[in-house]
Every structure is written in C-alpha cells, then in structure tokens.
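# Sequence plus the predicted model coming up.
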Amino acid sequence: MFDNPGFWLLFAAYTILWLVIGGYVFTLNRRQRDLEREVESLSQQLRRSTE
C-alpha cells in the first residue's frame, strides 16, 4: 500500500487541501475577531455621542 506512488500523491494532495482549509478558517476567525472589536468600538462611540 505505501509502496504505491499514487498513495503518496493522494496523501500530499489531501495534506495540502487540509492546510489550505485550515488557513482559510484561521483567516475567517481573525477577520471575525477584528470585526467584533470594530463593532464594539463603534458602539462605544455611539453611546458617547448620544450622551
């Protein structure tokens, strides 16, 4: 099974695919955190301006 070159190509393809998916999820998580901070900042600014 491990002697077949096709196995290693498939293994490499799936490894690359999972790395890309992991990177995408990490990027989405970071962008969501940044947006939550921005919304909180805007909420505070709005509260201050209405006082």
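Nice, thanks for sending it over.
# what's the helix or strand for Ser41?
According to DSSP states H and E, Ser41 maps onto helix 5-50.
# Show me what that helix is packed against.
Identification of packing neighbours for helix 5-50 by 3 or more C-beta pairs under 8 Å, 6 or more residues apart in numbering; DSSP states H and E yields no helix or strand. Just so you know, the C-beta spots here come from the backbone N, C-alpha and C atoms, and that holds for glycine as well.
# what about that helix, distance to the chain center?
2 Å (C-alpha atoms, centre = their mean, to the nearest Å).
# do the same with stretch 3-15
Using C-alpha atoms, centre = their mean, the distance from the centre of stretch 3-15 to the centre of the chain it belongs to is 26 Å.
# tell me the secondary structure for Asp3?
At Asp3, secondary structure determined by DSSP: H, G, I helix; E, B strand; the rest coil is coil.
# heads up, I number from 445, so please use that
Taking 445 as the first residue, the last one we looked at is Asp447.
# and it, how many residues sit next to it?
6 (other C-beta atoms under 10 Å).
# residues near Trp462, how many?
One way to gauge burial is a neighbour count; for Trp462, by other C-beta under 10 Å, it gives 10.
# residues in contact with it?
Remark: with contacts taken as C-beta atoms under 8 Å, 6 or more residues apart in numbering, Trp462 is in contact with nothing.
# For Tyr468, see how far away the nearest residue to Phe451 once chain neighbours are set aside is.
Nearest residue to Phe451, sequence neighbours excluded (C-beta to C-beta, 6 or more residues apart in numbering): Met445, at 6.3 Å. Distance of Met445 to Tyr468, given as C-beta to C-beta, to the nearest Å: 31 Å.
# more neighbours, the two?
For the pair Met445 and Tyr468, the greater number of neighbours falls to Tyr468 (10 against 4), based on other C-beta under 10 Å.
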